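# What follows is a predicted protein model with its sequence.
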Amino acid sequence: MLPAIAFAKKDDRTKPMDFTSKTTNAYNAPNTITTLSGNVKLTQGTLLITGGEAKVHLDADTQIARVVVTGNPAHIQQLDENNNLMQGDAATLDYDNINGIAVLTGNAKVVQQGRGEFHGDKLTYNTDTSLITGEAGGDGLVHGTFLPKPKPAAAAPKPAAAPAEGK
């Protein structure tokens, strides 16, 4: 039997992307870039991206192709089909909205609920396959932890019957 692979919610990218920010310079035209600044929050289904500034790139069909976020830190989170949470933080987040690829650069960290966590200078997370690739910086190593799959709890033994009194 193959292990279950966690995928991001399949319909997240078919939903509208909403945003809040302190300021915006927005365009809704082909091949444009909208700049959002100050307490940026973008949501699309279960996808949440936050940071200090975001540049939203529209393609030739005025679809959101890419979102580049910087912040303290730039943050991404999303539920997979099994409702497990993936969270990532870095100095810069470059999210390919067409292909579901998040590239986290600068003190990057990705945590997959119940599966483990990874740290590196650059981490790439594929939301469709849950594949994480990493590159080292600083100490020259990518760090990670794989969590063991929880085992079902064993049934508690039944208590022995107490002896009857007076016998």
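The structure has been received and is ready for your questions. Numbering: from 1, shown residues only.

# Hmm, Asp128 is touching Ile98, no?
No. Between Asp128 and Ile98 there is no contact under C-beta atoms under 8 Å: 11.1 Å. Glycine gets a C-beta too; all of them are placed from N, C-alpha and C.

# Next up, the contacts around Pro150.
Contact criterion C-beta atoms under 8 Å, 6 or more residues apart in numbering gives Gly114 as the residues in contact with Pro150.

# To clarify, my last question referred to Leu104.
Ala74, Ile76, Gly88, Asp89, Ala90, Thr92, Leu93, Val110, Lys122, Leu123, Thr124, Tyr125.

# Okay, and which of those map to helices?
Using DSSP state H, no member of the contacts of Leu104 sits in helices.

# Now neighbour count, distance to Gly52 and pLDDT too, for the residues you listed, in TSV please.
Written out in TSV, the entries for those read as follows (neighbours: other C-beta atoms under 10 Å; distance: C-beta to C-beta, whole Å; pLDDT from 0 to 100):
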residue	neighbour count	distance to Gly52	pLDDT
Ala74	29	8	97
Ile76	25	14	95
Gly88	26	16	95
Asp89	22	13	97
Ala90	27	13	97
Thr92	18	11	98
Leu93	27	11	98
Val110	24	20	94
Lys122	17	20	95
Leu123	23	20	95
Thr124	19	22	94
Tyr125	26	21	91
